[in-house]
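Kindly return the folded structure for what I paste below:
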Amino acid sequence: MRGMTHVFINNIYRMISRIHYLFLSLGLTIAVMALAIFFTSQLEVEGRLAVVGEPGHLPASVHEYRLESLEQVPPKSQLVRNKYDAVLIDQGNGHYTVETIKGDEFKLKLQQALEHPGSPPPEEKRRGAAGQMLGFLTMIILMGGLLFMTFFPEDKRNGTFRRLAVSPVRIGSYMIAQCLFCFAIIYVPTYGLIIAAHLLLHIDIGLSLLSYGWLLGLLALLATAFAMFMTSWLEHNDNMLVLSGSLIVLTSLLSGSFYSFSPEGPMKWVTAVLPQKQFLTAVEGLEQHVPVVEWGGSVLYLLILSGGLLAAGWLICRRRLADGRY
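Residues are numbered from 1 along each chain as shown. Modelled structure (predicted):
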């Protein structure tokens, strides 16, 4: 226990000498929170539709959207990049097919506007303030895990890790201390900013502070576990940062962290296993007051995944230490 405390406190002193890391993380978190709040409470953007055919034949209810006439169907990548919310393809005789990745509810809303323009549109479930804010924060927090786990690869390079592993501290205690430090420095400032935004600025955050507390804890745990695994697996820090950062950005986009969409075909199954997607499923279920049984599996999935990543990182380090690689 004393060895863990020593490593933890030593990391605090090391972080003080690199306080710009913490300021950078806080600055990005504030910027992302402000962006999420802006999109949630200030922007009321009408959907942008691509029309393959003559838009003049469309019902008046569809003209409430921003329409762009095209000669051919745009590539699906433009839907993924959110350039268009949907594509309306003229089939002749006033019939249109709808292509979108925004989900079945949005597609149904457009189809009803096309086929039954006089009927009231079905109610569309939108991502709330909590889903928007935590969705935007997901990528930043996962990146923060890599940033604040930086002392671990440094200790491996300069031999500190091996010296500590054969000391009374032991490898397990050392790695637990590194994980606790990474978790705390991600969790505490982020949660503090959300508390300040809610209590001091009276910003609607969508959920209670208690709910934010455990949701952020779950996300910080995932970030810590992923960072520990990647820094254990990849010895070269530059390679680790490039690969890990690319994975975080790509999976965050595919999981719909920044805007909600529903992929089709094989991609639907790929995105379903992404941890960010599972996290957002839990957030949206909690925000929409869905029974726990419908989103509790996502929380369990994230806990098991985090535990697996931590265990894998520990096993990799233990094996390499025994092989004399450190």
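
for A36, what are its contacts?
129, 132-133, 135-137 (CB atoms under 8 Å, 6 or more residues apart in numbering). Yep, even glycine has a C-beta here, placed from its N, CA and C like the rest.

again with R325
E235.

Helix, strand, or coil at it?
coil (DSSP: H, G, I helix; E, B strand; the rest coil).

and if you look at Y96?
strand.

and stretch 242-257, which residues are buried?
For stretch 242-257, the neighbour count (16 or more other CB atoms under 10 Å) marks 244, 248, 251-257 as buried.

Please, where are all the helices along this structure?
2-16, 19-41, 76-80, 104-115, 129-148, 151-157, 160-165, 170-199, 209-233, 237-254, 266-272, 275-287, 292-322 (DSSP state H).

Endpoints of stretch 164-178, how far apart?
Terminal residues of stretch 164-178 lie 13 Å apart, using CA to CA, to the nearest Å.

quick one on the thing from earlier: which of the buried residues of stretch 242-257 sits closest to V32?
Nearest to V32, judged by CB to CB, of the buried residues of stretch 242-257 is S257 at 10.6 Å.

coming back round to it: wait, which of the helices of the chain is closest to G47?
When the helices of the chain are compared (using CB to CB), the closest one is helix 104-115, at 7.9 Å.

tell me which strands and helices the closest one is in contact with?
Contacts defined by 3 or more CB pairs under 8 Å, 6 or more residues apart in numbering; DSSP states H and E place helix 104-115 against strand 86-92, strand 95-99.

Put together CSV for these, with mean pLDDT and mean neighbour count on each row.
Converted to CSV, the helices and strands packed on helix 104-115 look like this (pLDDT from 0 to 100; neighbours: other CB atoms under 10 Å):
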stretch, mean pLDDT, mean neighbour count
strand 86-92, 83, 17
strand 95-99, 83, 16
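
any low-confidence regions in the chain?
Scanning the chain for pLDDT under 70 picks out the ranges 1, 3, 39-46, 55-56, 81, 117-126, 165-169, 260-265, 326.

Show me how this structure divides into domains.
Following the assignment in automatic domain parsing, the chain carries domains at 2-41+127-322, 48-115.

Check these for me and report the most buried one.
domain 2-41+127-322 (a mean of 17; mean count of other CB atoms under 10 Å).

could you measure the residue nearest the centre of the chain against L300, distance?
Most central in the chain under CA atoms, centre = their mean is T138, positioned 3.1 Å from the mean C-alpha point. Look at T138 and L300: by CB to CB, to the nearest Å, they are 18 Å apart.

any idea which of the contacts of A36 is closest to W295?
G135 (15.0 Å).

For the residue of the chain most remote from its centre, give its distance to D104.
For the chain, the residue at maximal distance from the C-alpha centroid (CA atoms, centre = their mean) is N93, at 43.5 Å. Going from N93 to D104 by CB to CB gives 25 Å.

Same check on P59?
Applying CB to CB to P59 and D104 gives a distance of 21 Å.

next one: L142
Distance from L142 to D104, by CB to CB: 29 Å.
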